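**Student:** Provide a 3D model corresponding to the input given below.
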Amino acid sequence: MVEMDGAVRVGVGGGVEAARQWRLADERCDLRAMESEYVRRFHRHEPRDHQCSSAVAKHIKAPVHLVWSLVRRFDQPQLFKPFVSRCEMKGNIEIGSVREVNVKSGLPATRSTERLELLDDNEHILSVKFVGGDHRLKNYSSILTVHPEVIEGQPGTLVIESFMVDVPKGNTKDETCYFVEALIKCNLKSLAEVSERLVVKDQTEPLDR
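**Tutor:** Residues are numbered from 1 along each chain as shown. Okay, here's the model as predicted:
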């Protein structure tokens, strides 16, 4: 584990080169052993020389089942992703499903075509690959996992999202990683806000009589 640029870079398989390929950006700069183990087990990417890979973690004060119920809705990413204005998907949510996502103005893209690569309701794993669109995130693939934990004595969730993507011409690996990390951080911050609001709502709603 090597600290660089205020974040923690995680070597998958060890070695200096592996450490360069991975960075885990979190609200904390220290990485606990369990988080590192989750990255090692579930977030294995093999970036080539023209690609970069990184991961972002977020701790949410809401139980796993609630957070996962939002994350698994491949057909409705706008439930928590603030940059998504509209999403269309035909058929049921299953591996191979494709969604057409419209992106809100202000970003350097208007649409993205994305395919569901993995949906595991037992291990709580979601994997998505970008297969089209007018963005610069070529060969983008992501893995998102959710894990139970205890936060301030209450059921909580650790969310880790990792990605691998081509580095666009004219950009460096660090620039590309920082850009994608910023988008993921916004998404996970929104996921936390939505999830925690639902927890409060559930606690304050009166019981049916």
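**Student:** only C-alpha atoms for contact and neighbour calcs from this point on.
**Tutor:** Will do.
**Student:** what lies in contact with stretch 79-93?
**Tutor:** Residues from elsewhere that reach stretch 79-93, judged by Cα atoms under 8 Å, 6 or more residues apart in numbering: 70, 73-78, 97-104, 186-187, 190-191, 194.
**Student:** now do the most centrally placed residue in the chain against residue 113, distance only.
**Tutor:** For the chain, the residue nearest the mean C-alpha position is residue 161 (3.1 Å; Cα atoms, centre = their mean). Residue 161 sits at a distance of 19 Å from residue 113 (criterion: Cα to Cα, to the nearest Å).
**Student:** now, the contacts of stretch 79-93 that are in helices?
**Tutor:** Using DSSP state H, 70, 186-187, 190-191, 194 are the members of those that sit in helices.
**Student:** out of these, which is most surrounded?
**Tutor:** Using other Cα atoms under 10 Å as the neighbour test, the ones in helices among the contacts of stretch 79-93 are led by residue 191, with 22 neighbours.
**Student:** regarding the chain, what is its longest strand?
**Tutor:** Criterion DSSP state E: the longest strand present in the chain is strand 154-166.
**Student:** name the residues that touch that one?
**Tutor:** 39, 43, 45, 47, 50-64, 67, 137-150, 184, 188.
**Student:** switch to 6 Å and redo it
**Tutor:** Applying Cα atoms under 6 Å, 6 or more residues apart in numbering, the external contacts of strand 154-166 come out as 50-64, 138-150.
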